[in-house]
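Q: Everything below, folded, please.
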Amino acid sequence: MRRIKTYLIIVNLIFLTGCANKAMPDTYVENYDYQYRQWSDSIAFPKVQQGSDNIVYIYKNGFIYYMEEGNDVLVPLCNKVDCLHDRETDQQKIKECNASVDLEELANINPDKDIAIAKCGDYLYCIPLSCYETDERILYRYALDGTAKDVVYKWDGKSSIIVNWIIHRNNLYYAEKRYYEEDEEIKVECTIKRLSLNTFFHRPETVYTAEENLRVLTWGNLQAYGNYVYFEIISMLPKEGDSQKEENNGYDYDRLYNKTFVYDIQADKIEELQIPDMPKSVHILGVQFWQDQIILDPYDDEKRGDEPMPVYIADLDGSNLKVLSEDVPQAGYFLSDGEYLYFFDDWMEDIDDWLRNPGKYVVYDKDMQIVDTFMTPLNENGRAQRFPVGDRNRMYFTYEKEDGTWGVKCWEKKIGEYRGKTITLTEIMDR
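A: This is a model prediction of the structure:
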C-alpha cells in the first residue's frame, strides 16, 4: 500500500509539473489569470472576484460569500448544514466555517484591512496580511463549492512581512520585506517571490531582490497579464556628490524615485520599463492592460498633477513603444474592462477638495474614440467613490456605514447613455 501511495504521488507531481511548464498565450485567460479588472488606483487589495457561470465571489468582514448574478443574494461559501456562518458567535465554530478567514488572533486590525481574495482555477485564495502581528502568515485555499478550506502554506512572520500579493496562472507572486541586523543596524531586504501552487511540495523562490542601498517607501504593487508580471518600487536613493538631498529620519537621501519592472515568466528575465529621452524627474507609475498591450503612464515630479503628459502603449514586455494619447493630465489614470478603456481624472491641489471631487470618467472604444463620459455618486459622508470598473457588463463593490452595517452595490453598465451624468448604483444587499 505504501508503495502504491508513493507511486501515485510521483505520477501526480509529473502531471502537475507538465501543466506548469506548458506555454500559455500572451492574452487574458479567464479563470486562471490575475483579475486586473478588479483593481483600481485606490483598491490594491481586491475584495471581488469574477467566477464562471455568472458567479461572483465577495470578501467582507472576515467571510467569503458567493452570489449568482441576477439572484442578488449573498451566500457564505460554506456548505455545512449545521453552520451559522457569519451569524455564529462562538470563535471556535467560526474558525471551522469553510467561509471564514481566520482573524481571531490578529491584534488591533480592521477585518478588511489589507485582505484580498484571488480566484484561480477551482479555488479561491486568501492571505490575511495583517498576520504580521503574529508569528506566521497563512495562505488559505477555498473550494468554490464551499466543501473545504485548506492551509496551502505557512510563513514564519517573525522577521518578514508580505506587503502585497497576486495569483496568476497557478503561481502566487508576493512582495516581501525581511528585517535583519547587520553591524548593529536594522536593515530591510525587499524581494519579489513566487510560490508554485501546482507542486506537491511548496517552496518559495526569489524572482527579484531590490538594491541594498535603497530606502524603500512603497514595494510591490503587483499586477500580471499573459506571461508577464509587473511590480513597482518607490524609494529614496542615498546621496551622491552635490545632488539635491532630503532629510529623512536622520538619513540623507537623494530625491524620491520610482521604477516599474516587468518579469518575463517564460524567459525568467527582468527588465525596467523605460521611456526613451525622458528627464530624470519622470517616472512610470505602474501599467494598465489594453488589447493585449500595456499602457505606460508617466509622471513628472516637477509638474502639477493637472499638467499634460503623453501616454504610451507598448507590447507586454515594453517593446514597440508608441504614443497612445497626447496631452493627458498626468495625475489621472486608465482602467480597462476588456471592452472599454476608462480614463479617470480627479486631481485637486487641496486634499479636502480632492476627497469631495467626483472626477470625470472618459470612456474610449477599441479605436480610441470617445464614446461616453460619466461621474460617480458621492457616498454618505460627501466623499467621492473610487472603485474598479469590473467586467464588461457590471461592477460590484462593498461599502460600510458608520453604524457598522455594510452592503454590496452594483453598477449595471449602459455605456453610451450617460453623456456626462452621474451613474446609478443598485443596492444588492444591506447587512
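
Q: Report the buried residues of stretch 286-297.
A: Using 16 or more other Cβ atoms under 10 Å as the test for burial, stretch 286-297 gives 286, 287, 288, 289, 290, 293, 294, 295, 296, 297. C-beta here means a position set from N, CA and C on the backbone, and glycine is covered the same way.

Q: do you know how far residue 204 is from residue 155?
A: 8 Å (Cβ to Cβ, to the nearest Å).

Q: quick one: which of the two has more around it?
A: Neighbour count, other Cβ atoms under 10 Å: between residue 204 and residue 155, residue 155 has more, with 20 against 15.

Q: Please identify the helix or strand for the more buried one.
A: Under the criterion of DSSP states H and E, residue 155 resides in strand 149-156.

Q: contacts for that strand?
A: Strand 149-156 has contacts (Cβ atoms under 8 Å, 6 or more residues apart in numbering) with 98-100, 125, 135-143, 162, 172, 195, 197, 202.

Q: redo that, cut-off 10 Å
A: Contact partners of strand 149-156, identified using Cβ atoms under 10 Å, 6 or more residues apart in numbering, comprise 64, 77-78, 95-102, 123-127, 131-132, 135-143, 161-162, 172, 174, 176, 195, 197, 202-204.

Q: now that strand: mean pLDDT?
A: Averaged over strand 149-156, pLDDT sits at 89.

Q: Show me what secondary structure element comes after it.
A: Downstream of strand 149-156, the next assigned helix or strand under DSSP H and E is strand 160-168.

Q: Report the strands that pair with that next one, each with its relative direction.
A: Take DSSP bridges as the rule and strand 160-168 pairs in its sheet with strand 171-182 (antiparallel).

Q: Buried residues, the strand it pairs with. List them.
A: 171, 172, 173, 174, 175, 176, 177.

Q: cool, and stretch 295-304?
A: Judged by neighbour count using 16+ other Cβ under 10 Å, the buried positions of stretch 295-304 are 295, 296, 297, 298, 299, 300.

Q: How much space separates residue 65 from residue 403?
A: The gap separating residue 65 from residue 403 is 20 Å, by Cβ to Cβ.

Q: higher neighbour count, the two?
A: More crowded of residue 65 and residue 403, by other Cβ under 10 Å: residue 65, with 22 against 6.

Q: So the more buried one lies in a strand, does it not?
A: Yes: assigned with DSSP: H, G, I helix; E, B strand; the rest coil, residue 65 falls within a strand.

Q: I'd guessed it sits against residue 49; true?
A: No: using Cβ atoms under 10 Å, residue 65 is not in contact with residue 49, being 11.0 Å away.

Q: What is the neighbour count of residue 233?
A: 23.

Q: need the contact list for it.
A: Contacts of residue 233 by Cβ under 10 Å, 6+ apart are 175, 190, 192, 208, 210-211, 214, 216-221, 257-261, 272.

Q: which residues does it bridge with?
A: On the basis of DSSP bridges, residue 233 is bridged to residue 219, residue 259.

Q: Give me the pLDDT for it.
A: 89.

Q: got it, and residue 43?
A: pLDDT recorded at residue 43 is 60.

Q: related to what we said a few turns ago, which ones among the contacts of strand 149-156 map onto helices?
A: Among these, DSSP state H puts 95, 96 in helices.

Q: Now go through the contacts of strand 149-156 and say which are in strands.
A: 64, 123-126, 136-143, 161-162, 172, 174, 176, 195 (DSSP state E).

Q: ok, of the residues you listed, which come out buried?
A: Buried, going by 16+ other Cβ under 10 Å: 64, 123-126, 137-143, 161-162, 172, 174, 176, 195, out of those.

Q: Quick check: end-to-end length of stretch 264-277?
A: Chord length of stretch 264-277, first to last residue, is 24 Å (Cα to Cα, to the nearest Å).

Q: which of the residues in the strand or helix carrying residue 206 are buried?
A: For residue 206, the enclosing helix or strand under DSSP H and E is strand 205-209. Across strand 205-209, burial judged by 16+ other Cβ under 10 Å covers 207, 208.

Q: helices or strands up against that strand?
A: strand 171-182, strand 185-196, strand 228-238, strand 251-264 (3 or more Cβ pairs under 10 Å, 6 or more residues apart in numbering; DSSP states H and E).

Q: what stretches of the stretch 151-300 of the chain score poorly on pLDDT?
A: Residue ranges of the stretch 151-300 of the chain with pLDDT under 70: 157-158, 237-257.

Q: Swap in 80 and give it another go.
A: Filtered on pLDDT under 80, the stretch 151-300 of the chain yields the residue ranges 156-160, 183-186, 200, 212-215, 217-218, 236-257.
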